[in-house]
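*Asks:* give me coordinates for this.
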Amino acid sequence: MSKELSHVDEAGNASMVDVSEKNRSLRTAVASGKVLFPKQVFETLKQQEFLGVKGSIIQTAIIAGIIGVKKTSELIPLCHQLNLSKVHIDIQPIENALYITCSVKCTERTGVEMEALTGVSISALTIYDMCKALSHDIVISSIQLEKKSGGKNDFNR
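*Replies:* Residues are numbered from 1 along each chain as shown. As a prediction, the model looks like this:
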C-alpha cells in the first residue's frame with residue numbers, strides 16, 4: 001500500500017482535497033492533551049477550585065475549545081468547512097496537570113480529527129493564558145488523536 005500526502009498536488013503545491021465524490025457518513029474523532037503545572041502552582045489552583053481572577057479556568061477553556069473547533073477551517077488553511085453535529089470537551093485534574101479530551105461528530109464527506117485536535121489545542125492555550133500569572137513554567141504536552149471513525153481508515157490509539 002502506497003501512502004501519499006493528500007494535500008500536495010503532482011507539482012508539489014498545496015492543494016485542498018476534493019471530497020465532492022465521497023459519500024457523506026458519520027465521522028467522529030477524539031483527541032487529548034495535557035497542561036502540566038509545577039506542583040505548587042497546581043496545588044494553588046486546586047485549592048482555588050480552578051477559579052482565577054478571569055473566572056473559571058476550566059469552563060473558559062471548554063468554551064474557547066468549542067470556538068476553536070468551530071473555526072478550524074479558518075485556522076488550518078486546507079481544512080474543509082464542516083457542519084458539526086456535536087462537540088464535547090472535558091477537562092479533568094490529574095496529578096499536577098489538567099487532562100483535556102475533545103470529541104467531535106459530524107455527518108460529512110471528510111473527517112473531524114483536525115477539529116478535535118484544534119479543540120484540545122485551544123483549550124490548552126486558554127488554560128496557559130489564564131494561569132501564566134502564577135508561572136510561565138507550564139507545559140502543554142501530548143496533544144494527539146486518540147481515535148477516529150467514519151472515513152476510509154478508522155484509527156484507535
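
*Asks:* could you pull out the strands for the protein?
*Replies:* Under the criterion DSSP state E, the chain carries strands at the ranges 25-36, 51-52, 55-56, 84-94, 97-108, 139-149, 155-156.

*Asks:* tabulate those (TSV), appending mean neighbour count.
*Replies:* Every C-beta, even on glycine, is put in place using the N, C-alpha and C of the backbone. Converted to TSV, the strands of the chain look like this (neighbours: other CB atoms under 10 Å):
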stretch	mean neighbour count
strand 25-36	21
strand 51-52	14
strand 55-56	12
strand 84-94	16
strand 97-108	22
strand 139-149	16
strand 155-156	12
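
*Asks:* Serialize those strands to JSON lines and add fields for distance to Met130.
*Replies:* Formatted as JSON lines, those follow (distance: least, CB to CB, whole Å):
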{"stretch": "strand 25-36", "distance to Met130": "10"}
{"stretch": "strand 51-52", "distance to Met130": "5"}
{"stretch": "strand 55-56", "distance to Met130": "8"}
{"stretch": "strand 84-94", "distance to Met130": "12"}
{"stretch": "strand 97-108", "distance to Met130": "11"}
{"stretch": "strand 139-149", "distance to Met130": "13"}
{"stretch": "strand 155-156", "distance to Met130": "32"}
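
*Asks:* in TSV: these, plus distance to Leu75 and mean pLDDT.
*Replies:* Written out in TSV, the entries for those read as follows (distance: least, CB to CB, whole Å; pLDDT from 0 to 100):
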stretch	distance to Leu75	mean pLDDT
strand 25-36	15	97
strand 51-52	25	84
strand 55-56	24	90
strand 84-94	15	98
strand 97-108	14	97
strand 139-149	14	98
strand 155-156	22	96
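
*Asks:* list the buried residues in the top helix by length along the chain.
*Replies:* Using DSSP state H to assign secondary structure, the helix with the most residues in the chain is helix 113-131. Within helix 113-131, the residues scored as buried using 16 or more other CB atoms under 10 Å are 113-128, 130-131.
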